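> structure, please.
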Amino acid sequence: MTDFSFEALRRFPDVEAPNLYAVDASDRLILDTAAERIQDAAHGDVIAIGDRYGALSLGAAALHGASGIRVHQDALSGELAIRENARRLDLEDGIRTCGLEPRLVAGARTVLLQLPRSLDALDEIAQLIAEHAAPDVTVYAGGRVKHMTTAMNAVLARSFGSVSAGLARQKSRVLTVSQPLAGIEPRWPKASAHEGLTVWAHGAAFAGSRIDIGTRFLLGFLDRLAPDAERAVDLGCGTGVLATRLAQLRPRLAVTASDQSAAAVASALLTVTANGVADRVQVVRDDGLSRQADASVDAIVLNPPFHIGASVHAGIALKLFAEAGRVLKTGGELLAVWNSHLRYRAQLEQLVGRTEQLGRNEKFTVTRSVCG
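All right, here's what the predicted structure looks like:
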(Lines give C-alpha, C1' and ligand atoms only; values in the text may rest on other atoms or scores of the structure.)
Protein backbone atom coordinates (compact mmCIF):
# COMPACT_ATOMS: atom_id res chain seq x y z
CA MET A 1 0.00 0.00 0.00
CA THR A 2 1.11 3.59 -0.68
CA ASP A 3 -0.14 7.08 0.04
CA PHE A 4 -1.65 7.19 -3.48
CA SER A 5 -4.70 9.45 -3.61
CA PHE A 6 -7.40 9.41 -6.27
CA GLU A 7 -7.88 13.12 -5.64
CA ALA A 8 -4.40 13.73 -7.07
CA LEU A 9 -5.57 12.63 -10.53
CA ARG A 10 -6.25 15.34 -13.11
CA ARG A 11 -8.11 15.40 -16.42
CA PHE A 12 -5.50 17.61 -18.15
CA PRO A 13 -5.04 17.95 -21.13
CA ASP A 14 -8.73 17.07 -21.42
CA VAL A 15 -11.31 19.72 -20.60
CA GLU A 16 -11.29 20.62 -16.90
CA ALA A 17 -14.21 22.24 -15.08
CA PRO A 18 -15.70 22.20 -11.56
CA ASN A 19 -18.39 19.70 -12.60
CA LEU A 20 -16.03 17.35 -14.47
CA TYR A 21 -14.08 14.76 -12.48
CA ALA A 22 -11.09 12.51 -13.08
CA VAL A 23 -12.42 9.70 -10.88
CA ASP A 24 -15.75 8.47 -9.51
CA ALA A 25 -17.11 5.82 -7.17
CA SER A 26 -17.22 3.19 -9.90
CA ASP A 27 -13.41 3.32 -10.27
CA ARG A 28 -13.02 2.63 -6.55
CA LEU A 29 -15.61 -0.15 -6.61
CA ILE A 30 -13.97 -1.92 -9.57
CA LEU A 31 -10.61 -1.88 -7.80
CA ASP A 32 -12.10 -3.05 -4.50
CA THR A 33 -14.03 -5.88 -6.17
CA ALA A 34 -10.95 -7.08 -8.06
CA ALA A 35 -8.45 -6.41 -5.26
CA GLU A 36 -7.59 -10.03 -4.48
CA ARG A 37 -7.09 -10.93 -8.15
CA ILE A 38 -4.91 -7.86 -8.69
CA GLN A 39 -2.73 -8.57 -5.66
CA ASP A 40 -2.15 -12.17 -6.78
CA ALA A 41 -1.49 -11.24 -10.42
CA ALA A 42 1.82 -11.88 -12.13
CA HIS A 43 3.57 -9.20 -14.17
CA GLY A 44 1.44 -8.35 -17.22
CA ASP A 45 -1.66 -10.20 -16.00
CA VAL A 46 -3.75 -7.06 -15.39
CA ILE A 47 -5.17 -4.77 -18.07
CA ALA A 48 -7.44 -1.72 -17.88
CA ILE A 49 -9.87 -0.71 -20.63
CA GLY A 50 -11.81 2.55 -20.71
CA ASP A 51 -9.58 3.83 -17.92
CA ARG A 52 -10.56 7.45 -18.30
CA TYR A 53 -7.74 9.28 -16.50
CA GLY A 54 -5.76 6.49 -14.88
CA ALA A 55 -7.79 5.69 -11.76
CA LEU A 56 -7.95 1.97 -12.61
CA SER A 57 -4.42 1.35 -13.87
CA LEU A 58 -2.59 3.70 -11.51
CA GLY A 59 -4.77 2.60 -8.61
CA ALA A 60 -4.01 -1.08 -9.36
CA ALA A 61 -0.29 -0.30 -9.49
CA ALA A 62 -0.08 1.93 -6.42
CA LEU A 63 -2.62 0.28 -4.12
CA HIS A 64 -2.31 -3.39 -5.08
CA GLY A 65 1.20 -3.76 -6.51
CA ALA A 66 0.25 -4.70 -10.07
CA SER A 67 2.96 -4.30 -12.71
CA GLY A 68 3.14 -4.41 -16.48
CA ILE A 69 -0.42 -3.06 -16.77
CA ARG A 70 -1.62 -2.57 -20.33
CA VAL A 71 -4.11 0.28 -20.69
CA HIS A 72 -6.52 1.33 -23.42
CA GLN A 73 -8.36 4.64 -23.57
CA ASP A 74 -10.17 5.49 -26.80
CA ALA A 75 -9.88 9.27 -26.40
CA LEU A 76 -6.40 10.65 -27.00
CA SER A 77 -6.93 13.40 -24.42
CA GLY A 78 -7.70 10.70 -21.85
CA GLU A 79 -4.67 8.65 -22.90
CA LEU A 80 -2.44 11.71 -22.56
CA ALA A 81 -3.97 12.43 -19.14
CA ILE A 82 -3.14 8.89 -17.99
CA ARG A 83 0.46 9.33 -19.06
CA GLU A 84 0.69 12.74 -17.38
CA ASN A 85 -0.84 11.43 -14.13
CA ALA A 86 1.56 8.47 -14.20
CA ARG A 87 4.49 10.85 -14.65
CA ARG A 88 3.42 13.13 -11.80
CA LEU A 89 2.83 10.16 -9.46
CA ASP A 90 6.07 8.40 -10.49
CA LEU A 91 4.15 5.37 -11.82
CA GLU A 92 5.25 5.50 -15.46
CA ASP A 93 7.11 2.19 -15.26
CA GLY A 94 3.97 0.33 -14.17
CA ILE A 95 1.78 0.96 -17.22
CA ARG A 96 1.82 0.84 -21.01
CA THR A 97 -0.88 2.29 -23.28
CA CYS A 98 -2.10 0.17 -26.21
CA GLY A 99 -4.69 0.25 -28.96
CA LEU A 100 -7.83 -1.88 -28.87
CA GLU A 101 -6.10 -4.83 -30.50
CA PRO A 102 -5.09 -8.40 -29.64
CA ARG A 103 -1.78 -7.42 -28.01
CA LEU A 104 -3.69 -5.31 -25.48
CA VAL A 105 -5.43 -8.35 -23.97
CA ALA A 106 -3.17 -11.26 -25.01
CA GLY A 107 -2.82 -13.66 -22.07
CA ALA A 108 -4.47 -11.30 -19.58
CA ARG A 109 -6.12 -12.90 -16.55
CA THR A 110 -7.69 -9.82 -14.93
CA VAL A 111 -9.47 -7.05 -16.85
CA LEU A 112 -10.60 -3.82 -15.20
CA LEU A 113 -13.26 -2.26 -17.43
CA GLN A 114 -15.14 1.01 -17.24
CA LEU A 115 -18.36 0.13 -19.05
CA PRO A 116 -18.80 2.25 -22.20
CA ARG A 117 -22.15 3.88 -22.84
CA SER A 118 -22.30 2.28 -26.30
CA LEU A 119 -23.43 -1.36 -26.47
CA ASP A 120 -21.54 -1.70 -29.76
CA ALA A 121 -18.33 -0.56 -28.08
CA LEU A 122 -18.92 -3.06 -25.27
CA ASP A 123 -19.57 -5.86 -27.76
CA GLU A 124 -16.29 -5.24 -29.59
CA ILE A 125 -14.34 -5.08 -26.33
CA ALA A 126 -15.95 -8.25 -24.96
CA GLN A 127 -15.26 -10.20 -28.14
CA LEU A 128 -11.62 -9.09 -28.19
CA ILE A 129 -11.11 -10.21 -24.58
CA ALA A 130 -12.86 -13.55 -25.14
CA GLU A 131 -10.74 -14.30 -28.20
CA HIS A 132 -7.31 -13.29 -26.93
CA ALA A 133 -7.15 -13.20 -23.11
CA ALA A 134 -6.29 -16.22 -20.95
CA PRO A 135 -8.98 -18.93 -20.70
CA ASP A 136 -9.37 -18.18 -16.97
CA VAL A 137 -9.73 -14.42 -17.45
CA THR A 138 -12.09 -12.51 -15.19
CA VAL A 139 -13.49 -9.14 -16.25
CA TYR A 140 -14.60 -6.63 -13.64
CA ALA A 141 -16.89 -4.28 -15.57
CA GLY A 142 -18.21 -1.34 -13.62
CA GLY A 143 -20.12 1.87 -14.02
CA ARG A 144 -22.61 4.26 -12.51
CA VAL A 145 -25.95 2.53 -11.95
CA LYS A 146 -27.87 5.26 -13.80
CA HIS A 147 -25.91 4.46 -16.98
CA MET A 148 -26.13 0.65 -16.71
CA THR A 149 -28.82 -1.49 -18.34
CA THR A 150 -29.63 -5.18 -18.49
CA ALA A 151 -28.78 -4.99 -22.20
CA MET A 152 -25.12 -4.78 -21.12
CA ASN A 153 -25.44 -8.19 -19.45
CA ALA A 154 -26.89 -9.60 -22.67
CA VAL A 155 -24.06 -8.13 -24.76
CA LEU A 156 -21.43 -9.60 -22.44
CA ALA A 157 -23.20 -12.97 -22.57
CA ARG A 158 -22.56 -13.08 -26.33
CA SER A 159 -18.86 -13.58 -25.54
CA PHE A 160 -18.82 -15.06 -22.01
CA GLY A 161 -20.56 -17.92 -20.25
CA SER A 162 -20.87 -16.23 -16.86
CA VAL A 163 -22.09 -12.70 -16.10
CA SER A 164 -23.07 -11.79 -12.53
CA ALA A 165 -23.96 -8.45 -10.95
CA GLY A 166 -22.57 -7.35 -7.59
CA LEU A 167 -24.23 -5.19 -4.98
CA ALA A 168 -24.49 -1.49 -5.67
CA ARG A 169 -22.34 0.92 -3.68
CA GLN A 170 -22.41 4.71 -3.90
CA LYS A 171 -24.65 4.44 -6.96
CA SER A 172 -22.15 2.21 -8.74
CA ARG A 173 -22.13 -1.48 -9.61
CA VAL A 174 -19.70 -4.08 -10.98
CA LEU A 175 -20.48 -6.98 -13.30
CA THR A 176 -18.11 -9.92 -12.84
CA VAL A 177 -17.62 -11.75 -16.14
CA SER A 178 -15.78 -15.02 -16.87
CA GLN A 179 -15.73 -18.21 -18.99
CA PRO A 180 -14.90 -16.82 -22.45
CA LEU A 181 -16.76 -18.58 -25.25
CA ALA A 182 -14.81 -20.23 -28.05
CA GLY A 183 -15.47 -19.98 -31.78
CA ILE A 184 -17.16 -16.57 -31.76
CA GLU A 185 -17.86 -15.29 -35.25
CA PRO A 186 -16.15 -11.89 -35.77
CA ARG A 187 -18.65 -9.01 -35.57
CA TRP A 188 -16.41 -5.93 -35.88
CA PRO A 189 -15.85 -3.68 -37.72
CA LYS A 190 -19.13 -3.28 -39.66
CA ALA A 191 -20.09 -1.49 -42.88
CA SER A 192 -23.23 0.05 -44.37
CA ALA A 193 -23.99 1.61 -47.76
CA HIS A 194 -25.54 5.10 -47.98
CA GLU A 195 -26.38 6.56 -51.39
CA GLY A 196 -23.08 5.68 -53.01
CA LEU A 197 -21.01 5.99 -49.82
CA THR A 198 -19.74 2.98 -47.86
CA VAL A 199 -19.27 3.74 -44.15
CA TRP A 200 -17.18 1.47 -41.92
CA ALA A 201 -17.28 1.61 -38.13
CA HIS A 202 -15.72 0.07 -35.08
CA GLY A 203 -17.89 -0.33 -32.01
CA ALA A 204 -16.95 2.92 -30.25
CA ALA A 205 -17.31 5.14 -33.33
CA PHE A 206 -20.09 7.72 -32.97
CA ALA A 207 -23.25 6.70 -34.89
CA GLY A 208 -21.65 3.43 -35.98
CA SER A 209 -21.88 2.75 -39.70
CA ARG A 210 -24.90 5.05 -39.95
CA ILE A 211 -24.66 8.71 -40.94
CA ASP A 212 -25.89 10.80 -38.02
CA ILE A 213 -28.50 13.42 -38.80
CA GLY A 214 -26.22 16.39 -38.07
CA THR A 215 -23.57 15.14 -40.49
CA ARG A 216 -26.26 14.33 -43.04
CA PHE A 217 -27.51 17.92 -42.87
CA LEU A 218 -24.00 19.36 -43.22
CA LEU A 219 -23.30 17.20 -46.28
CA GLY A 220 -25.77 19.33 -48.23
CA PHE A 221 -23.64 22.46 -47.71
CA LEU A 222 -20.16 21.19 -48.65
CA ASP A 223 -20.46 22.73 -52.11
CA ARG A 224 -20.63 26.16 -50.42
CA LEU A 225 -16.93 26.05 -49.54
CA ALA A 226 -14.73 28.45 -51.50
CA PRO A 227 -13.80 26.86 -54.84
CA ASP A 228 -10.14 27.89 -54.55
CA ALA A 229 -9.54 26.02 -51.26
CA GLU A 230 -6.47 23.78 -51.42
CA ARG A 231 -6.26 22.28 -47.91
CA ALA A 232 -9.22 21.20 -45.79
CA VAL A 233 -9.69 19.44 -42.46
CA ASP A 234 -12.60 17.30 -41.30
CA LEU A 235 -12.21 18.09 -37.57
CA GLY A 236 -13.67 15.44 -35.30
CA CYS A 237 -14.06 13.27 -38.38
CA GLY A 238 -15.79 10.27 -36.79
CA THR A 239 -16.08 7.56 -39.41
CA GLY A 240 -14.78 9.89 -42.12
CA VAL A 241 -18.03 10.66 -43.93
CA LEU A 242 -17.42 14.39 -44.46
CA ALA A 243 -13.76 13.91 -45.42
CA THR A 244 -14.69 11.23 -47.94
CA ARG A 245 -17.41 13.34 -49.53
CA LEU A 246 -15.12 16.38 -49.70
CA ALA A 247 -12.48 14.33 -51.49
CA GLN A 248 -15.11 13.03 -53.93
CA LEU A 249 -16.49 16.52 -54.63
CA ARG A 250 -13.07 18.21 -54.91
CA PRO A 251 -10.52 15.87 -56.52
CA ARG A 252 -7.74 18.48 -56.19
CA LEU A 253 -8.41 19.21 -52.51
CA ALA A 254 -5.94 17.82 -49.96
CA VAL A 255 -8.06 16.61 -47.04
CA THR A 256 -7.05 15.71 -43.48
CA ALA A 257 -9.49 13.71 -41.35
CA SER A 258 -8.70 14.24 -37.67
CA ASP A 259 -10.23 12.79 -34.51
CA GLN A 260 -9.02 12.03 -31.00
CA SER A 261 -10.95 8.74 -30.87
CA ALA A 262 -8.89 5.68 -31.78
CA ALA A 263 -12.07 3.92 -32.92
CA ALA A 264 -13.00 6.86 -35.14
CA VAL A 265 -9.57 6.99 -36.76
CA ALA A 266 -9.57 3.24 -37.45
CA SER A 267 -13.08 3.54 -38.89
CA ALA A 268 -12.23 6.56 -41.05
CA LEU A 269 -9.23 4.74 -42.51
CA LEU A 270 -11.53 1.93 -43.60
CA THR A 271 -14.14 4.37 -44.96
CA VAL A 272 -11.74 6.43 -47.11
CA THR A 273 -10.19 3.22 -48.45
CA ALA A 274 -13.56 1.65 -49.27
CA ASN A 275 -14.58 4.75 -51.22
CA GLY A 276 -11.37 5.06 -53.22
CA VAL A 277 -10.03 8.31 -51.75
CA ALA A 278 -7.32 7.02 -49.40
CA ASP A 279 -4.66 8.60 -51.62
CA ARG A 280 -6.14 12.07 -51.02
CA VAL A 281 -7.30 11.87 -47.41
CA GLN A 282 -4.80 11.73 -44.56
CA VAL A 283 -6.34 10.27 -41.40
CA VAL A 284 -4.72 11.27 -38.09
CA ARG A 285 -5.41 10.82 -34.38
CA ASP A 286 -4.98 14.20 -32.78
CA ASP A 287 -6.16 16.15 -29.76
CA GLY A 288 -7.88 19.01 -31.53
CA LEU A 289 -5.57 20.31 -34.27
CA SER A 290 -2.29 20.16 -32.37
CA ARG A 291 -0.50 18.77 -35.44
CA GLN A 292 -1.56 21.67 -37.65
CA ALA A 293 0.42 24.90 -37.90
CA ASP A 294 -1.15 28.30 -37.35
CA ALA A 295 -2.85 29.81 -40.42
CA SER A 296 -2.18 26.73 -42.56
CA VAL A 297 -5.62 25.52 -43.69
CA ASP A 298 -8.17 26.96 -46.15
CA ALA A 299 -11.30 25.19 -44.90
CA ILE A 300 -12.54 23.17 -41.93
CA VAL A 301 -15.76 21.18 -41.59
CA LEU A 302 -16.99 20.32 -38.11
CA ASN A 303 -19.83 18.49 -36.39
CA PRO A 304 -18.75 19.05 -32.76
CA PRO A 305 -19.82 16.88 -29.81
CA PHE A 306 -22.09 18.52 -27.25
CA HIS A 307 -21.18 16.23 -24.36
CA ILE A 308 -18.11 15.05 -22.46
CA GLY A 309 -18.64 11.46 -21.39
CA ALA A 310 -22.05 11.43 -19.73
CA SER A 311 -22.09 15.19 -19.11
CA VAL A 312 -23.66 17.73 -21.47
CA HIS A 313 -20.90 20.31 -21.73
CA ALA A 314 -19.83 22.90 -24.32
CA GLY A 315 -16.15 22.61 -23.44
CA ILE A 316 -15.06 20.40 -26.32
CA ALA A 317 -16.97 22.38 -28.95
CA LEU A 318 -15.45 25.66 -27.75
CA LYS A 319 -12.00 24.08 -27.74
CA LEU A 320 -12.49 22.95 -31.36
CA PHE A 321 -13.81 26.37 -32.44
CA ALA A 322 -10.69 28.00 -30.95
CA GLU A 323 -8.45 25.48 -32.71
CA ALA A 324 -10.21 26.21 -36.00
CA GLY A 325 -9.64 29.93 -35.52
CA ARG A 326 -5.95 29.32 -34.92
CA VAL A 327 -5.37 26.98 -37.87
CA LEU A 328 -7.44 28.73 -40.57
CA LYS A 329 -5.72 31.16 -42.89
CA THR A 330 -7.07 34.69 -43.03
CA GLY A 331 -10.22 34.36 -45.14
CA GLY A 332 -10.40 30.63 -44.47
CA GLU A 333 -13.80 29.11 -43.73
CA LEU A 334 -15.28 26.94 -41.00
CA LEU A 335 -18.49 25.11 -41.90
CA ALA A 336 -20.08 23.84 -38.69
CA VAL A 337 -23.31 22.07 -37.81
CA TRP A 338 -24.66 22.25 -34.27
CA ASN A 339 -27.79 21.69 -32.23
CA SER A 340 -29.71 24.95 -32.61
CA HIS A 341 -30.56 25.24 -28.91
CA LEU A 342 -26.85 25.58 -28.09
CA ARG A 343 -26.70 29.03 -29.75
CA TYR A 344 -23.02 28.87 -30.69
CA ARG A 345 -23.03 31.82 -33.07
CA ALA A 346 -21.60 34.34 -30.58
CA GLN A 347 -18.76 31.98 -29.66
CA LEU A 348 -18.02 31.33 -33.33
CA GLU A 349 -17.86 35.07 -33.99
CA GLN A 350 -15.43 35.48 -31.10
CA LEU A 351 -13.22 32.44 -31.67
CA VAL A 352 -13.19 32.21 -35.49
CA GLY A 353 -14.65 35.28 -37.21
CA ARG A 354 -17.64 36.71 -39.02
CA THR A 355 -20.39 34.06 -38.96
CA GLU A 356 -23.49 33.61 -41.11
CA GLN A 357 -26.24 31.02 -41.05
CA LEU A 358 -26.36 28.82 -44.14
CA GLY A 359 -29.22 26.57 -43.13
CA ARG A 360 -31.49 25.52 -40.32
CA ASN A 361 -33.96 22.70 -39.81
CA GLU A 362 -36.06 21.56 -36.88
CA LYS A 363 -32.97 20.54 -34.89
CA PHE A 364 -29.71 21.76 -36.43
CA THR A 365 -28.07 24.95 -37.66
CA VAL A 366 -25.28 25.13 -40.26
CA THR A 367 -23.01 28.18 -40.16
CA ARG A 368 -20.04 29.49 -42.11
CA SER A 369 -17.42 31.44 -40.17
CA VAL A 370 -14.71 33.37 -42.02
CA CYS A 371 -11.41 33.75 -40.19
CA GLY A 372 -9.90 37.17 -39.70
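> domain assignment for the protein?
Following automatic domain parsing, the chain resolves into domains at 6-180, 190-371.
> E349: neighbour count?
Using other Cβ atoms under 10 Å, E349 has 14 neighbouring residues. Just so you know, the C-beta spots here come from the backbone N, C-alpha and C atoms, and that holds for glycine as well.
> my bad, R291
R291 is flanked by 14 other residues according to other Cβ under 10 Å.
> please tell me I have it right and it contacts V283.
No. Here R291 does not reach V283: they are 11.9 Å apart, not a contact under Cβ atoms under 8 Å.
> shared neighbours, these two?
Residues within reach of R291 and of V283 at once, by Cβ atoms under 8 Å, 6 or more residues apart in numbering, are S258.
> hang on, the earlier thing: now the domains of the chain as a markdown table including mean pLDDT?
Formatted as a markdown table, the domains of the chain follow (pLDDT from 0 to 100):
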| stretch | mean pLDDT |
| --- | --- |
| domain 6-180 | 96 |
| domain 190-371 | 93 |
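> pretty sure P135 sits in a strand.
No. Going by DSSP: H, G, I helix; E, B strand; the rest coil, the assignment for P135 is coil, not a strand.
> residues contacting it?
Neighbouring residues of P135 by Cβ under 8 Å, 6+ apart: P180.
> can you pull the phi/psi pair for it?
Dihedral pair for P135: phi -60, psi -30, per degrees, to the nearest 10.
> could you look up the SS state of I300?
Looking at I300 with three-state DSSP, the answer is strand.
> wait, it touches G332, no?
Yes. Using Cβ under 8 Å, I300 is in contact with G332, at 7.4 Å.
> between those two, who's got more neighbours?
Set I300 next to G332 and count neighbours by other Cβ under 10 Å: I300 wins out with 31 against 26.
> D228 looks like it's in a strand, true?
No. Assessed with three-state DSSP, D228 is coil; it does not lie in a strand.
> which one is it nearest to, not counting chain neighbours?
Excluding its sequence neighbours, the residue lying closest to D228 (Cβ to Cβ, 6 or more residues apart in numbering) is D298, at 7.7 Å.
> who's in contact with the one you found?
Neighbours of D298 in contact, by Cβ under 8 Å, 6+ apart: A226, D228, A229, E230, R231, A232, L328, K329, G332, E333.
> do A336 as well
Taking Cβ under 8 Å, 6+ apart as the test, what A336 contacts is L218, V301, L302, N303, P304, F321, Y344, L348, V366, T367, S369.
> out of the residues you listed, which one sits closest to A60?
Distance to A60, by Cβ to Cβ, is smallest for P304 among those, at 34.0 Å.
> that closest one - that's part of a strand, no?
No. Assessed with three-state DSSP, P304 is coil; it does not lie in a strand.
> and the gap between it and C371?
Using Cβ to Cβ, to the nearest Å, P304 is found at 17 Å from C371.
> N303 contacts T239, doesn't it?
No. If you go by Cβ under 8 Å, N303 and T239 don't touch, sitting 11.3 Å apart.
> compare the two (neighbour count), which wins?
T239 (36 against 27).
> tell me the contacts of that one?
Residues near T239 by Cβ under 8 Å, 6+ apart: V199, W200, A201, A205, F206, A207, G208, S209, A264, S267, A268, T271.
> ok, now with 7 Å
T239 makes contacts with V199, W200, A201, A205, A264, S267, A268, T271, as judged by Cβ atoms under 7 Å, 6 or more residues apart in numbering.
> chain neighbours aside, what residue packs nearest to the third one?
Closest residue to A201 in three dimensions, ignoring its sequence neighbours and counting by Cβ to Cβ, 6+ apart: S209, at 4.2 Å.
> buried residues, stretch 185-198. List them.
Across stretch 185-198, burial judged by 16 or more other Cβ atoms under 10 Å covers W188, P189, K190, L197, T198.
> please apply the same query to stretch 262-280.
Within stretch 262-280, judged by 16+ other Cβ under 10 Å, the buried ones are 262-275, 277-278, 280.
> which outside residues touch it?
Residues outside stretch 262-280 that contact it (Cβ under 7 Å, 6+ apart) are 74, 99-100, 189, 191, 197-206, 237-241, 243-244, 247-248, 254-255, 257, 259, 281, 283, 285.
> related to what we said a few turns ago, pretty sure the residue nearest to A201 sits in a helix.
No. Applying three-state DSSP, one finds S209 to be coil, outside a helix.
> count of residues packed around it?
Using other Cβ under 10 Å, the number of residues around S209 comes to 21.
> lovely, talk soon.
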